[in-house]
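J.: any chance you can model this:
(one chain, ligands or ions: 1)
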Amino acid sequence: MSNKEAGKSAQDPLADTHELIAPEIPRGIDRRSFLMRSAVGGAAAVMTGCSQTPEQRTAGAAATAKPEAPAAAAPPLAPDLNVVKKGEGPVLTTVDEFYKVGPGPSSSHTIGPMRITYDFYQRATKLPADQLAKATKLQVNLFGSLSATGKGHGTERAALAGLIGNEPATVDPKFLDGLRDKPDQVFPVKLGSKSIDVSLKDVIYDATKGDFKHPNTMTVKLLAGNDVLLEQEYYSVGGGFIEWKGYTPPKKNPPKYPFRTMKELRTHADTNKTTIGKIILANEMSITGKSEAEVYAWVDKVINAMVATVKSGLSMPEDDVLPGPIKLHSKAATVYKRAMDDKFQSDRGIGVLSAFALAASEENGRGHLVITAPTGGSAGVMPALVYGLLEVRKVDRQKVREGMLAAAAVGYLCKHHATLSAAEGGCQAEIGVASSMAAALTATVFDAESHVVENAAESALEHHLGMTCDPVAGYVQVPCIERCAFGAVKAWTAYAIASNEIASRHRVDFDATVTALAETAKDMNSKYKETSEAGLAQSVTLC
Ligand code: SF4
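T.: The predicted structure is shown next:
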């Protein structure tokens with residue numbers, strides 16, 4: 001301690017609180033309780049002039065602190081789920097599976113359940129006519145996280161919409177708004193010669209805890225009185241992807257450049273003197289049989305939809321109030337206008353990028369159409385960079401197309417070895433992955449070499465590790481909307497650092513960070529996995 005600091009400490013014994021807190025927390029002791037006792041003990045020692053060493057304070061605090069509460073281990077995922085087994089072979093995900101257009105606010109709690117009930121409806125239509133003639137009722141039961149936070153995600157409306165034949169990419173969000181405003185509406189579902197009336201009452205919020213194969217489990221049944229004509233158990237496994245009991249993934253053609261890791265992917269790019277984006281393009285063509293023009297046509301649709309969500313969000317009135325009990329006022333338009341007036345160019349850049357992310361994320365909060373990149377909750381991050389690069393920087397669209405493919409590769413790898421589901425891994429799996437993807441997009445657009453693309457993606461992911469999911473009131477608004485803005489800015493920062501360092505000196509590789517993401521997801525207390533049982537969801541009081 002310097003003389004000046006020592007003097008300050010003598011005048012004000014509580015000036016430097018570090019002195020008061022014992023440095024090490026013994027194992028098995030509740031951290032909060034220990035720190036409080038240690039600090040109180042230290043303060044008392046200073047005020048009474050009694051000199052105690054940090055070690056003596058540690059012993060005293062440990063003797064009186066509460067034992068650590070055992071962490072609520074998240075229930076393990078069933079090993080037979082494809083989402084668990086998938087890490088074994090080469091990556092086979094394709095862009096049309098990955099970037100999905102659908103209504104917000106959540107890919108796993110809105111788009112997934114709508115795809116599930118639509119799938120069930122299709123199966124039910126194939127039952128023999130004599131069985132359909134007996135049918136009296138359709139019923140959806142939501143379990144786990146789908147039940148815990150489904151109300152805030154509009155899960156029941158999405159499930160009903162799918163049951164009556166709507167698909168996420170084409171459903172009119174106004175239809176879903178109408179269900180929210182008039183929840184008693186009844187719809188006929190035609191099954192063979194039979195017509196069955198369904199309403200929101202047929203979607204049941206069931207057990208939040210249990211021995212489920214996946215935290216996002218639901219069942220759909222076709223009943224004849226008490227008899228079950230058809231029943232299927234489904235899982236919404238993140239990013240709008242779905243599985244069901246007995247699911248086997250569709251057979252696909254082998255990729256031209258098989259890879260399981262970023263290291264292998266980058267080796268393909270470097271060996272062939274090309275970019276990660278072009279390797280992914282070649283794989284898309286070999287897996288799906290599509291031409292280059294067809295792959296890029298899909299990518300263009302996604303780019304256009306992302307630009308449209310930002311434009312639509314920015315055009316909303318400044319005082320628009322988002323649906324739900326939080327009564328959150330939109331801020332994208334205000335942040336944009338004020339940022340544009342900022343006299344400092346750097347502040348202007350951060351401000352407008354944040355505004356673009358807020359705009360797309362607020363659209364998600366409204367339940368309007370968004371694009372999973374990789375999820376609905378994180379749907380503000382990638383559009384912010386796409387909009388900024390295309391509409392503000394006016395970069396070449398072809399570069400953005402390639403960037404979208406490189407970003408998809410980052411998402412594929414996170415899906416392959418970790419998770420895209422907040423119910424499995426918290427927000428690091430959503431906004432962390434989105435930020436990582438956006439960093440890869442940005443680096444690719446600026447012609448960075450493959451190692452820089454990897455480093456940028458790694459850095460953005462690394463600095464989201466451990467981030468929990470605790471949406472206030474179960475609505476994808478707080479912290480989600482602002483968090484998208486932070487994810488976008490971090491993506492830019494990650495690119496800025498990666499493009500200004502010597503790539504080979506970057507000490508953490510992307511694959512190691514994805515492993516850390518997977519391990520952190522497994523260890524994370526289940527209260528922080530989209531259950532609204534902890535964190536901000538508990539500490540914020542709505543008036
Ligand atoms: S906190 Fe993150 S993961 Fe959770 S709902 Fe919000 S955006 Fe999604």
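
J.: list the buried residues for the longest strand anywhere in the chain?
T.: Among the segments of the chain that qualify as a strand by DSSP state E, the longest is strand 227-238. Burial within strand 227-238, assessed by neighbour count using 16 or more other Cβ atoms under 10 Å, is assigned to 229, 230, 232, 233, 234, 235, 236, 237, 238. Backbone N, C-alpha and C define where each C-beta goes, glycine included.

J.: the ligand contacts on the protein?
T.: Neighbours of the ligand within the chain, by Cβ under 6 Å from any ligand atom: 377-378, 422, 427, 430-431, 469, 471, 476, 479-480, 483, 530.

J.: given the longest strand of the chain, what are its sheet partners and their directions?
T.: Using DSSP bridges, the strands paired with strand 227-238 in its sheet are strand 217-224 (antiparallel), strand 241-244 (antiparallel).

J.: can I get it in PDB? Just the C-alpha atoms.
T.: Presented in PDB, the C-alpha positions along strand 227-238 are these (Å, rounded to 0.1, in the frame of the first residue of the first chain):
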ATOM      1  CA  ASP A 227     -59.300 -43.700 -25.700                       C
ATOM      2  CA  VAL A 228     -56.000 -42.500 -27.300                       C
ATOM      3  CA  LEU A 229     -56.100 -42.900 -31.100                       C
ATOM      4  CA  LEU A 230     -52.700 -41.300 -31.700                       C
ATOM      5  CA  GLU A 231     -50.100 -39.900 -29.200                       C
ATOM      6  CA  GLN A 232     -46.700 -38.600 -29.800                       C
ATOM      7  CA  GLU A 233     -44.100 -37.200 -27.400                       C
ATOM      8  CA  TYR A 234     -42.000 -34.400 -28.900                       C
ATOM      9  CA  TYR A 235     -39.000 -32.300 -27.900                       C
ATOM     10  CA  SER A 236     -38.300 -28.700 -29.000                       C
ATOM     11  CA  VAL A 237     -34.500 -29.000 -28.900                       C
ATOM     12  CA  GLY A 238     -33.500 -25.400 -29.600                       C
END
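
J.: now it: mean pLDDT?
T.: Averaged over strand 227-238, pLDDT sits at 96.

J.: picking that back up, closest to the ligand out of the buried residues of strand 227-238?
T.: Within the set of the buried residues of strand 227-238, residue 238 lies nearest the ligand; the separation is 10.1 Å, counting by Cβ to the nearest ligand atom.

J.: ok now the longest strand of the chain, how far from the chain's centre?
T.: For strand 227-238, the distance from its own C-alpha centre to the chain's C-alpha centre is 24 Å (Cα atoms, centre = their mean, to the nearest Å).

J.: how near is the residue nearest to residue 411 when sequence neighbours are not counted to residue 434?
T.: Ranked by Cβ to Cβ, 6 or more residues apart in numbering and with sequence neighbours excluded, the top spatial neighbour of residue 411 is residue 374, at 4.5 Å. Taking Cβ to Cβ, to the nearest Å as the measure, residue 374 and residue 434 are separated by 6 Å.

J.: and the residue in the stretch 51-200 of the chain that the ligand sits nearest to, how many neighbours?
T.: Taking Cβ to the nearest ligand atom as the measure, the point where the stretch 51-200 of the chain comes nearest the ligand is residue 106, at 6.5 Å. By the other Cβ atoms under 10 Å criterion, the neighbourhood of residue 106 contains 38 residues.

J.: cool, and residue 100?
T.: Look at residue 100: counted by other Cβ under 10 Å, it has 23 neighbours.

J.: ok, now residue 128?
T.: Other residues within reach of residue 128 by the criterion other Cβ under 10 Å amount to 9.

J.: tell me the mean pLDDT over stretch 439-459?
T.: 98.

J.: who touches the residue of the stretch 51-200 of the chain closest to the ligand in this structure?
T.: If a contact means Cβ atoms under 8 Å, 6 or more residues apart in numbering, then residue 106 has 153, 155, 375, 376, 377, 476 as its contacts.

J.: what do you get for residue 420?
T.: Residue 420 makes contact with 107, 238, 239, 241, 374, 375, 411, 414, 429, 430, 433, according to Cβ under 8 Å, 6+ apart.

J.: residue 349 sits in which helix or strand?
T.: Using DSSP states H and E, residue 349 sits in helix 345-365.

J.: kindly apply the preceding question to residue 138 instead.
T.: Under the criterion DSSP H and E, the helix or strand holding residue 138 is strand 137-142.

J.: which strands and helices sit next to that strand?
T.: Other helices and strands packing on strand 137-142, by 3 or more Cβ pairs under 8 Å, 6 or more residues apart in numbering; DSSP states H and E, are helix 112-125, helix 155-163, strand 194-198, strand 203-205, strand 217-224.

J.: and the helix or strand following the longest one, what's buried?
T.: Note on helix 112-125: by DSSP H and E, the next helix or strand toward the C-terminus is helix 129-132. Within helix 129-132, the residues that qualify as buried are 131, 132, counting by 16+ other Cβ under 10 Å.

J.: pull the CA atoms of helix 129-132 into PDB?
T.: The C-alpha coordinates for helix 129-132 follow below in PDB (Å, rounded to 0.1, in the frame of the first residue of the first chain):
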ATOM      1  CA  ALA A 129     -60.900 -43.200 -42.000                       C
ATOM      2  CA  ASP A 130     -62.700 -45.400 -39.500                       C
ATOM      3  CA  GLN A 131     -60.400 -44.300 -36.700                       C
ATOM      4  CA  LEU A 132     -60.700 -40.600 -37.600                       C
END
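
J.: quick check, central residue of this protein?
T.: Ranked by distance to the mean C-alpha position of the chain (Cα atoms, centre = their mean), the top residue is residue 430 at 2.1 Å.

J.: okay, the residue nearest to residue 178 when sequence neighbours are not counted: pLDDT?
T.: In space, not counting the residues next to it along the chain, residue 178 is nearest to residue 185; the distance is 7.3 Å by Cβ to Cβ, 6+ apart. We have a pLDDT of 97 for residue 185.

J.: which residues are in contact with residue 185?
T.: Taking Cβ under 8 Å, 6+ apart as the definition, contacts of residue 185 comprise 178, 179, 199, 200.

J.: quick one: the helices in the stretch 301-450 of the chain?
T.: Listed in chain order, the helices of the stretch 301-450 of the chain (DSSP state H, counting those that start in this stretch) span residues 332-340, 345-365, 381-387, 397-417, 422-425, 431-445, 450-462.

J.: can I get those in JSON lines with mean neighbour count and distance to residue 535?
T.: Below are these laid out as JSON lines (neighbours: other Cβ atoms under 10 Å; distance: least, Cβ to Cβ, whole Å):
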{"stretch": "helix 332-340", "mean neighbour count": "18", "distance to residue 535": "24"}
{"stretch": "helix 345-365", "mean neighbour count": "24", "distance to residue 535": "19"}
{"stretch": "helix 381-387", "mean neighbour count": "32", "distance to residue 535": "20"}
{"stretch": "helix 397-417", "mean neighbour count": "25", "distance to residue 535": "22"}
{"stretch": "helix 422-425", "mean neighbour count": "30", "distance to residue 535": "12"}
{"stretch": "helix 431-445", "mean neighbour count": "33", "distance to residue 535": "14"}
{"stretch": "helix 450-462", "mean neighbour count": "28", "distance to residue 535": "21"}
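
J.: which of the ones you listed has the lowest mean pLDDT?
T.: Per-segment mean pLDDT for the helices of the stretch 301-450 of the chain reaches its minimum on helix 422-425, at a mean of 92.

J.: so which elements touch that one?
T.: On a contact count with 3+ Cβ pairs under 8 Å, 6+ apart, helix 422-425 meets helix 144-153, strand 227-238, helix 510-523.

J.: show residues contacting it.
T.: Residues external to helix 422-425 that are found in contact with it (Cβ under 8 Å, 6+ apart): 74, 77, 108, 144-145, 214-216, 238, 375, 377, 418-419, 429-430, 469, 517-518, 520-521, 524, 529-531.

J.: I am finished for the moment; much appreciated.
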